[in-house]
Every structure is written in structure tokens, then in C-alpha cells.
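J.: Provide a 3D model corresponding to the input given below.
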Amino acid sequence: MSSELGQCLVALERVAEAAERLGLDAGAARQTVESAHARLGFPGTAFVLALAGGTGAGKSSLLNALAGREVSRAGPIRPVTAEPVAWVPADAAGELGPLLRWVGVERVVSHHDPSFADLCLLDLPDYDSVERAHRARVDELLPRVDAVCWVLDPEKYNDRVLHEDYLRPLAHHAERAVFVVNRRDVIGGPAAVAELVADVRRTLAADGITGRPVFAVSAAPPDPDGTGNGDLDALRTWLSERMEAKSIVADRVAADCAAAGVEVARRAGLVGEGAHRPLVDERTREAARERAVAAARTAVDVAGVRRACRRRALAEAQASGAGPVGRALAAVARLRGGREAGAASARSIDPVAYARGWRGRASLSRTVNPVHELLRRAAAAAPPALRADVMALAKPDRLEERLGAAVDQAVARAGVEHAQPPRSWLWPLVGVAQTIAAMTFLAGVLWYATLYLAGRAQADLPDLPTFRDVPVPLLLLVGGLAGGWLLARLLHASARRQGRKWADRLGRDLDRAVTREVDQAMGDPLDTLEAARSELLVRLADLRQAARRATIAPPGPPTDRPARSQRR
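T.: Here you go, the predicted structure:
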């Protein structure tokens, strides 16, 4: 086996592996590899050429005419040939024995014709025989022969069974096929023969077969107009000079590999101009992604998490910088609200706990819908062989469970990174200042209270100290109130700023994590599918190149090469 053929078979094995990763059944491709290894494992240079045709086409008569004696019995009663008959060169009979047994031939007739030293002619049963076993035998043997000579009846060469069941499916073996119109004697003169041969070529072209030789012969009896057996001698020369055993076998194996690759590509939907296109275009995927991510954001309530961040920052600021009055008011609120209300209030301003409780507020059904629709589009665009596997990815329950787990991971990761609320060095200073303002206000209150009590006791009231004609106790009252209000506004502004920064960080990381997890959950199935399709596409291209390299160029015209008998 040549290195080119070895590379071709390896390339087909890789195509089969890539097809199985995609979910396709690659049994036919692997069977082709096994059959090719079996064919190439037989020694010798001879190849097998089968005579195939319908009932009454004259396959046996043609074999007898080429051999110059009776090899396969011919007769008017149909069908005549029930089992294949092989006409083999005597020198190669020993080497051809295992090959013929692998092909499925038991009856062998040897010859000593030097013109066919490398050719084994095989007379097959009729493909349209009334005996169903005969057609089954033909269907079994044809894939194992190296070349085919199609023997056509001039009255039924346009038979539907011939063209639809054999010629079109085997068009990839056209380079190893030759066509013979038998019973030339019933056609008429040369003009009628030329017209019929031209029509045969047109019907073959409709099957995708062009450039192949078409011979018009009369295997038996000779033409009554004295033209003998027509193109029989030309057919003998063509078979002995143009069909090189090495080229036939190598080209047949390469063509089988290429055809197996084409079939895999067809089943995978990798044929035509759209072979490189993804099942779902990028715009459709992006639109589905945006809808799924928006639905996931809504389920987690990222906006609510941001509000919780701001409330928690304000609570932390008040705890550090509200002063004694603020702490007293907070304690009263907690006492009035009760323990359960306080716990609920604490949870409501804990953004991490709020984010983790998303399952109690919403579901991911709206997130699953666009993903499910995307996978349905992919299944509709996929070839029939892949649709079941693509639709299996779109199971709503499994998809929602996976998306839910992904969102939980995103929330947990963001919560670990941002669990601690923000702090500011300004808040304790504001707390100290609030204490001073409260004490100032309290001093003013106590001063006026003392004056009030002294007045009620009819005691002499001392003159109040003033500052720029304003009594100092009034300055203490107004200053304490104004200072406390200004400090509260400063604390609130600082808390809003810190809460906004915390909300931005947590909301951004949470949003990014949810988006990433949703992208992965919805993209992994399609990405895996597209990666497998891309790999198969590359393997198919490698197979085509390997098959071209393994194909041996056909020999030149017979006039450019000495006769095989002279070379020997």
C-alpha cells in the first residue's frame, strides 16, 4: 500500500472519529476503511472487472467473445447466469484465489491470454432478474470489484433501475467504468449506431458520468452487413491497454474514501455554499443572549441589590457617625419594631443576602425561553441526522436547572468578594462632632432651664452673657441644632457616596458574573456542536486532499504506449 493511500485511509478514519463526536453514525465510513484495508491486503497486481447488466444484455456472450471461447454459458432462457463466473489469467490464479473468495466468487475459469495478464473478468447475474437472490448477489459483489463494464441492451439502456439504483449512486466510480452497447446487429447502419451511442452518452451525462468510452459491439452473432463484431476489437484493446491494474485499484480505494467522506458531509449538512456557516448566525445568538441575560438580571434583581447596598452603607454610616441622639432613636425604632422585624430589616439591607434569596422572588423561566428558542432554531437549521441531538440540548427542565446553578455560583462568588460593607474615616469624626453638637445643644437647654427655674423661685437673674448682642445660651441652642443638621447632611452625603461605590462594584461584578454564567450555560451546547462541525469540516478537507493525492493519473492513449505483451 502506497503512503498516499495510507494517508487517505487515515484521513477517513479521522473523519469517522469527528463524525462520531458530532453525534453521527460513522459505521459506513469505518466499513469503507475496513474494506479498503482488506482489498489492499491481497498480493498481486491483477484487478477484477465485473460485467454487469440487465436481463438479455449479453454479458455472458460478451465474456465468451472477449475470451474467444465459452467461459460462461449463454442461452435464450432467462435468467442464465445464477452465480458469478471469473475468467482469470492462469499465472495469477493462485494470487487471485483469496481475492476472489473475498469478493464472493467460487467458479473460476483460467486462461493464458497475454493481453489480459492483469485482468480478471467477472460475469455477474442480472441486476433486474426475476430471481430476487440474483439482484441481491449483484448488490453484494459490486462494492468489492475494482471496475465495472456495464453491458447495455440497445432497447432498454434507459432503464430506470439501471440509472437510479446503480449508475447515479456509483457515479464516483465512473473513472473505472466502461460502457458497452451489445447487439449492435439489431441497431442498423453506422448512422443509427452513432445516434444511439450519442443518446447513451446523454443519458450518462444526466447521471453525472461524462467522458467515459462507449463501445457498440455484437458479441454474437456477427453483423449481417459484414462489419464483424463492431467495436469488439477496440474494446479488447482498451481493456488491455488503458486499464492499468495499479491505477484501477488505487483509484477505486481513493474514490471509495472520497465517497464515504461526501456521504458523511451530506449527513452533517456540510455541503454546498453554507457548509462553513454556523447553524445559528451571530446576530440571532446575540439577540437571544441579550434577552436571556436581561431575564436573569431581573430574576436576581440587580437593581434591588444596588438599592440594598445604598441602604446598608447608610445604616453603617449612621451607626458610626450619628452620635448619641441618632443611636437613641435607632434603639427606640428597634424596640418598637420587635426582634423579627429587626431581623427582616437587617436582611433587607444586606445586599449579599438579598442576592442569594433570588429563588424566593423569581424563576428563570423567562431566561430559558430565549435559549430554548435559539436551540430550536439550531435544530431547524441542522440536517435531519443531527436534529434529535440538538433538540436534546433544549430540554427546559435541565436547562433551567443548569442556569439556576450558574446564577447561584455567580451570586456566591460576588458575595464572597463584596460581603463587607464599606467604611469611611470620616464617619467616626462626624460621630464625635455630632456628640459635641448634641452636648452644645444640651448645654443651651440646661442654661435656659436654669433661668426658668430661677425665675419661678423669684431669685435675682444674672445678666446673660452675649456674643455680638446675641445671648450665649441661644447661640448654644441654635449652634447645636444647626451643627447637628449640617453634620447629618454631611454623613448622609458620605454614606450615599460610599454606598454608590459599593453598589457599583457589587452590581457590576454580579452583573458580569451572571452574564458570564448565562453565556456559558446557553453557549456551551451550541459551541460544542459548532466546534465538532468545524473539526469535521477540516477533516473532510484533509480527506479530499488525501484522496486527490492517492489517485494515480490515468495512462496516456494506447498509441503512446507499447502493447502489454511487448513489455513482457
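
J.: tell me where the stretch 151-300 of the chain has strands.
T.: Taking DSSP state E, counting those that start in this stretch to define them, one finds strands in the stretch 151-300 of the chain at 177-181, 214-216.

J.: list the contacts for Ile209?
T.: Leu167, Ala171, Ala174, Ala177 (Cβ atoms under 8 Å, 6 or more residues apart in numbering). Heads up, the C-betas are built off the backbone N, CA and C, glycines and all.

J.: ok, now which ones touch the second one?
T.: Same thing as Ala171. Taking Cβ under 8 Å, 6+ apart, one finds Asp207, Gly208, Ile209 in contact with Ala171.

J.: now rank the contacts of Ile209 by neighbours and give me the top one.
T.: Most neighbours among the contacts of Ile209, by other Cβ atoms under 10 Å: Leu167, with 23 neighbours.

J.: not counting sequence-adjacent ones, nearest residue to that one?
T.: Nearest non-adjacent residue to Leu167, counting by Cβ to Cβ, 6 or more residues apart in numbering: Asp207, 4.5 Å away.

J.: what sits against the one you found?
T.: Applying Cβ under 8 Å, 6+ apart, we find Asp207 in contact with His163, Leu167, Arg168, Ala171.

J.: out of the residues you listed, show me where the pLDDT dips lowest.
T.: Lowest in pLDDT among the contacts of Asp207 is Ala171, which has 79.

J.: just the pLDDT for the closest residue to that one other than its chain neighbours.
T.: Leaving aside its sequence neighbours, Ala171 sits nearest to Gly208 (Cβ to Cβ, 6+ apart; 4.3 Å). What the model reports as pLDDT for Gly208 is 86.

J.: circling back to that earlier point, turn the contacts of Asp207 into CSV, including distance to Gly431.
T.: Below are these laid out as CSV (distance: Cβ to Cβ, whole Å):
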residue, distance to Gly431
His163, 97
Leu167, 96
Arg168, 92
Ala171, 91
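
J.: closest one to Arg39 out of these, please.
T.: Closest approach between the contacts of Asp207 and Arg39, by Cβ to Cβ: Ala171, at 20.2 Å.

J.: so that closest one versus Val105, what's the distance?
T.: 25 Å (Cβ to Cβ, to the nearest Å).

J.: Gln31 too?
T.: 21 Å.

J.: could you do Leu364 as well?
T.: Taking Cβ to Cβ, one finds Leu364 at 66 Å from Val105.

J.: with Gly304 instead?
T.: From Gly304 to Val105 the distance is 81 Å (Cβ to Cβ).

J.: who has more neighbours, those two?
T.: Shown here are Gly304 and Val105; by other Cβ under 10 Å, Val105 has more neighbours (25 against 17).

J.: the more buried one contacts Leu122, doesn't it?
T.: Yes: using Cβ atoms under 8 Å, Val105 makes contact with Leu122 at a distance of 6.4 Å.

J.: what segments of the stretch 251-400 of the chain are helices?
T.: Applying DSSP state H, counting those that start in this stretch to the stretch 251-400 of the chain gives helices spanning 282-300, 302-321, 323-348, 351-356, 365-381, 384-392, 396-417.

J.: could those helices go into JSON lines alongside mean pLDDT and distance to Thr203?
T.: Listed next are the helices of the stretch 251-400 of the chain as JSON lines, based on pLDDT from 0 to 100; distance: least, Cβ to Cβ, whole Å:
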{"stretch": "helix 282-300", "mean pLDDT": "82", "distance to Thr203": "45"}
{"stretch": "helix 302-321", "mean pLDDT": "82", "distance to Thr203": "69"}
{"stretch": "helix 323-348", "mean pLDDT": "53", "distance to Thr203": "83"}
{"stretch": "helix 351-356", "mean pLDDT": "81", "distance to Thr203": "73"}
{"stretch": "helix 365-381", "mean pLDDT": "79", "distance to Thr203": "36"}
{"stretch": "helix 384-392", "mean pLDDT": "78", "distance to Thr203": "31"}
{"stretch": "helix 396-417", "mean pLDDT": "74", "distance to Thr203": "53"}
